[in-house]
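Chemist: Sequence below, structure please.
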Amino acid sequence: MTSETQVEFDRAVLGKTLEIGPFPVTREHILAFTRAVGETNPLYTDDEAAREAGHDSIIAPPTFVNVFIIGSKRPDPKIQHGTLSFLASQALECCLSVKPGDTLRLFTSLEDVYAKTGRAGTMVFAVWKTEVVNQKAEVVAVARESFVRR
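Modeler: As a prediction, the model looks like this:
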């Protein structure tokens, strides 16, 4: 792996946190998401089942926050390498349940840019960290994503 200094990109973006949102969460948003992904767990679709499990009403499936993460606009680090860019990986840590009435904000930052050479040649990775926070400033999820340019 080569060091970050050998990759040309806009270093002003590195480490800067951008706030995205707010995103009000409604019951309808949660139910539309569950239908779209085929989720049938009653915690996400049935108020009574959710109450029996200790919640006030339905809660969102853990991957619900991805709707906001994937759709968010991040600053362009202007990586000077290749013409093809794609998502290489995502790790999503879910910390708290998201429920109707929550208002989510995202705090995203570019954590690292590095080059790696393998059998297919040199690729440049951009690693983003995004914290999803509710209206109480509680972290509900943390995502780390790596994007590749080749």
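
Chemist: Remind me what the longest strand along the chain packs against, helices and strands.
Modeler: In the chain, taking DSSP state E as the definition, the longest strand is strand 103-118. Packing contacts for strand 103-118, counted by 3 or more C-beta pairs under 8 Å, 6 or more residues apart in numbering; DSSP states H and E, involve strand 17-24, helix 66-71, strand 121-133. (C-beta placed from N, C-alpha, C; glycine too.)

Chemist: Including mean neighbour count, could these go into a markdown table?
Modeler: Output for the helices and strands packed on strand 103-118, formatted as a markdown table (neighbours: other C-beta atoms under 10 Å):
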| stretch | mean neighbour count |
| --- | --- |
| strand 17-24 | 14 |
| helix 66-71 | 16 |
| strand 121-133 | 19 |
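
Chemist: Would you reformat these as CSV and include distance to residue 78 and mean pLDDT?
Modeler: CSV is the format used below for the helices and strands packed on strand 103-118 (distance: least, C-beta to C-beta, whole Å; pLDDT from 0 to 100):
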stretch, distance to residue 78, mean pLDDT
strand 17-24, 15, 96
helix 66-71, 21, 91
strand 121-133, 11, 96
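
Chemist: Tell me which of the ones you listed lies nearest to residue 108.
Modeler: Evaluated over the helices and strands packed on strand 103-118, closeness to residue 108 peaks at strand 121-133, with 4.2 Å, by C-beta to C-beta.

Chemist: for the chain, where's the lowest mean pLDDT among helices and strands?
Modeler: In the chain, the helix or strand scored least confidently by mean pLDDT, DSSP states H and E is helix 66-71, which has a mean of 91.

Chemist: How about the contacts made by residue 97?
Modeler: 55, 59-60, 140 (C-beta atoms under 8 Å, 6 or more residues apart in numbering).

Chemist: how far off strand 17-24 does the lengthiest helix in the chain point, in degrees?
Modeler: Scanning the chain for the helix with the most residues, using DSSP state H, yields helix 27-37. Calculated by axes from the mean of the first three to the mean of the last three C-alpha atoms, to 10 degrees, helix 27-37 forms an angle of 100 degrees with strand 17-24.

Chemist: Counting neighbours, which bits of helix 27-37 end up buried?
Modeler: Buried residues in helix 27-37, counted by 16 or more other C-beta atoms under 10 Å: 29-31, 33-34.

Chemist: so residue 130 touches residue 140, yeah?
Modeler: No: judged on C-beta atoms under 8 Å, residue 130 makes no contact with residue 140 at a distance of 11.4 Å.
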